[in-house]
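1. The sequence and its predicted three-dimensional model are supplied below.
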Amino acid sequence: MKKAILFSLMAIFLLAAVAPAQEHAEGEAAAEEHAAESPLTVVFRWANFVILFGALGYLLRKPAREFFEGRSNEIASGLARASQAQQTAEQRLVDIEKRLGHLSVDIAALKAEAEKESVTERDKVIAEAKREVERVVEQSRQEIQRFARSAEREIKESLAELVVDKAGKALRTEMTEDDQKRVIVRFIEKL
């Protein structure tokens, strides 16, 4: 608001100063036609011009100085902010370039780590599979042994029954009842 008033005053004073100069120019043309102007009129016009611009300069000196100092400070602070922003941007650019430079190294490290984890995981899976195979084999071996013992026992029992039957038949024909009892008792003792 203050600046608008200041510029309005300057415009008015300039118009006021220019108008006499224009009148003076028109007046000179008219004076040449009519008569030569007196030197005193020219001196008064120049004195009026000097006083007007002197007063205008005196009145506008402080506001103009404040305006130009303020504007100079705004420009300086703007340049400082721009310089700071440029430095920040350059620093960020350097950081980004460093990160991009390390990106290939990071990717290679991640690949190596993934391969290492994959090998470790594969070894774990293989070891677990081997343990499972061994467990299944051991269970199968135990089942086979149980089955073999069971089969062996059944074969022995069947054989014993056959032997007893055959022996019983043979004994019945040749043995007495007391002989049969003694043979059975001995057989049971041996078993």
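-> Cool, the structure landed. Since we're looking at a predicted model, the values are computed, not measured.

2. Tell me how many other residues surround residue 60.
-> Residue 60: 16 surrounding residues under other Cβ atoms under 10 Å. In short, each C-beta sits where N, CA and C put it, glycine included.

3. And the strand or helix carrying residue 110, how far out from the chain middle?
-> Using DSSP states H and E, residue 110 sits within helix 39-174. Distance of helix 39-174 from its chain centroid, counting by Cα atoms, centre = their mean, to the nearest Å, is 8 Å.

4. so whatever helix or strand comes next after that helix versus helix 39-174, what angle?
-> Beyond helix 39-174 in the direction of the C-terminus, DSSP H and E gives the next helix or strand as helix 177-190. Interaxial angle, helix 177-190 versus helix 39-174 (axes from the mean of the first three to the mean of the last three Cα atoms, to 10 degrees): 150 degrees.

5. So for the helix holding residue 110, mean pLDDT?
-> Computed over helix 39-174, the mean pLDDT rounds to 87.

6. how much space between the residue positioned nearest the centre of the chain and residue 111?
-> For the chain, the residue nearest the mean C-alpha position is residue 99 (12.0 Å; Cα atoms, centre = their mean). Distance, residue 99 to residue 111, by Cβ to Cβ, to the nearest Å: 18 Å.

7. now swap in residue 147 and tell me
-> The value you get for residue 147 to residue 111, if Cβ to Cβ is used, is 52 Å.

8. cool, residue 128 as well?
-> 25 Å.

9. And for residue 141?
-> For residue 141, the distance to residue 111 - Cβ to Cβ - is 44 Å.

10. Got the domain ranges for this structure?
-> 2-110, 152-190 (automatic domain parsing).

11. Let's have these in TSV, adding distance to residue 119.
-> Listed next are these as TSV, based on distance: least, Cβ to Cβ, whole Å:
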stretch	distance to residue 119
domain 2-110	15
domain 152-190	48
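
12. among the ones you listed, which is nearest residue 120?
-> Residue 120 lies closest to domain 2-110 among the domains of the chain, at 15.3 Å (Cβ to Cβ).

13. need the contact list for residue 156.
-> Shown in contact with residue 156 (Cβ atoms under 8 Å, 6 or more residues apart in numbering): no residues.

14. how far away is it from residue 167?
-> 15 Å.

15. what's the answer for residue 133, then?
-> 49 Å.

16. between these two, who's got more neighbours?
-> With neighbours defined as other Cβ under 10 Å, residue 133 and residue 167 compare such that residue 167 has more, 16 against 10.

17. excluding its backbone neighbours, what's nearest the more buried one?
-> residue 183 (6.8 Å; Cβ to Cβ, 6 or more residues apart in numbering).

18. is it true that the one you found touches residue 164?
-> No - taking Cβ atoms under 8 Å as the definition, residue 183 is not a contact partner of residue 164, at 9.1 Å.
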